[in-house]
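Undergrad: Turn this into a model:
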Amino acid sequence: MDVMSRREFLARTAAAGAAGGAALALPSTAFAAEPDAAEQVGTFIDLSLCAGCGACTTACRDKNSARFPEPVEDIPDNWPLGKHEDWSDKRDLTDRLTPYNWSFIERVEIEGRTINIPRRCMHCDNPPCANLCPFSVQEKQPSGAVVINEAGCMGGAKCRDVCPWDIPQRQAGVGLYLKLAPGLIGGGVMYKCDLCADLLDEGRPPACVSACPTGALQSGPKAEMERRARARAEEIGGHTYGIDENGGTSTFYVSPVSFERIDAAIARRKADLPEGMRTSVPGMAPEVENYLDTSEGIAKSYAIAPIAGIAAAAWAARSAWKGGSE
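TA: Numbers count the residues shown, from 1 in each chain. Predicted coordinates:
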């Protein structure tokens, strides 16, 4: 992805703000066109085969380590909260999502049985994170991967707010906001699994799939992965997840135990964590309504488009007042 200059960023955002009135008339589903399902890649995750070895997490970290954030030494606090999110001294954590760890193995105990669950972005069919990003730096690509343009991300964390699973994680002290208004606008950069979009473009599977030694992770045409998930669930008398949740996703789980019980076990684990780390362990609610179909989601989709334009206009006016030029 191309890196935008500050001038280009402001120009694009101001244009978006100027068009905000028109955006108010659009239904929420108009914010992002859904790619052709026939071209999309899906993943099938069989929890009955996952040994919890962590090979998928290691492969993800190895592949993406060059993209991990390197924040400035003196990270500015955000107004008005007076704090910031910094995971740079916890970059070795592999048991939760962080800006340095985009997938992990969730382990839950259910009646003496350990269930290992590879967790990362679900890559929704109609992702609210991409549709409601005020700076339009998230998109669902034709491959089905939902990706963040880290060069343009301001770290406002709206994507995490609207994600049913709290997937994107924020690192302060990096990104475009440091060049614009550190402490006032933005809060860093958001990071998450991008389904190895570059590998998909080459016709190759995601790194986690290639690394799995048991075949618990599979990838291929989305319709085929869904068919396999349904067939496997019927074979073992199990349960599926991801087919309908949040309006449908590109990730299909099959479990020998119900996802209601899995979600309850995850909730108990989260309750024991410090408050600041709870969003780094995503829940797995069995029935997740698409955020864009809720009254709050619809209201935000109508109102959020002008926000970026207003911020950009303010900065354009400030720059003009200072007489600066680039």
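
Undergrad: For the rest of this, base every contact and every neighbour count on C-alpha atoms.
TA: Will do.

Undergrad: chain center to stretch 69-81: distance?
TA: 21 Å (CA atoms, centre = their mean, to the nearest Å).

Undergrad: how many other residues sit next to the closest residue to residue 136 other than its chain neighbours?
TA: Setting aside the residues directly before and after it, residue 136 is nearest to residue 130 in space (CA to CA, 6 or more residues apart in numbering), at 7.0 Å. As a burial measure, residue 130 scores 24 neighbours (other CA atoms under 10 Å).

Undergrad: Secondary structure of residue 130: a helix, I assume?
TA: Yes: under DSSP: H, G, I helix; E, B strand; the rest coil, residue 130 falls within a helix.

Undergrad: Least confident secondary structure element in this protein?
TA: helix 20-23 (a mean of 36; mean pLDDT, DSSP states H and E).

Undergrad: Following the chain onward from it, which element is next?
TA: Toward the C-terminal end, the helix or strand that comes next after helix 20-23 (DSSP states H and E) is strand 41-46.

Undergrad: What strands flank that next one, and is each parallel or antiparallel?
TA: Using DSSP bridges, the strands paired with strand 41-46 are strand 217-221 (antiparallel), strand 251-255 (parallel).

Undergrad: From the rest of the structure, what touches it?
TA: 118, 143-145, 200, 216-226, 228-229, 250-255 (CA atoms under 8 Å, 6 or more residues apart in numbering).

Undergrad: so what's residue 322 scoring on pLDDT?
TA: Listed pLDDT for residue 322 reads 47.

Undergrad: for residue 16, that is, sorry about that
TA: We note a pLDDT of 42 for residue 16 in this prediction.

Undergrad: Tell me which stretches of the stretch 101-250 of the chain form helices.
TA: Secondary structure of the stretch 101-250 of the chain (DSSP state H, counting those that start in this stretch): helices located at 128-132, 158-162, 177-180, 197-201, 207-211, 222-236.

Undergrad: could I get the ones you listed as CSV with mean pLDDT and distance to residue 64?
TA: As requested, the helices of the stretch 101-250 of the chain are arranged in CSV below (pLDDT from 0 to 100; distance: least, CA to CA, whole Å):
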stretch, mean pLDDT, distance to residue 64
helix 128-132, 93, 21
helix 158-162, 94, 20
helix 177-180, 94, 22
helix 197-201, 97, 11
helix 207-211, 98, 10
helix 222-236, 98, 24
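
Undergrad: Tell me which of those is the most buried.
TA: helix 128-132 (a mean of 26; mean count of other CA atoms under 10 Å).

Undergrad: For that helix, enumerate the helices and strands it packs against.
TA: Using 3 or more CA pairs under 8 Å, 6 or more residues apart in numbering; DSSP states H and E, the elements in contact with helix 128-132 are strand 138-140, helix 158-162, helix 295-303.

Undergrad: Show me the domain layout of the chain.
TA: 1-30+308-326, 32-293 (automatic domain parsing).

Undergrad: Show the contacting residues for the nearest residue in space to residue 166 that is not next to it in sequence.
TA: With CA to CA, 6+ apart as the criterion, residue 166 has its nearest non-adjacent residue at 5.0 Å, and that residue is residue 160. Residue 160 makes contacts with 129, 166-169, as judged by CA under 8 Å, 6+ apart.

Undergrad: Among those, which one lies nearest to residue 52?
TA: For the contacts of residue 160, the minimum distance to residue 52 (CA to CA) is 20.0 Å, reached by residue 167.
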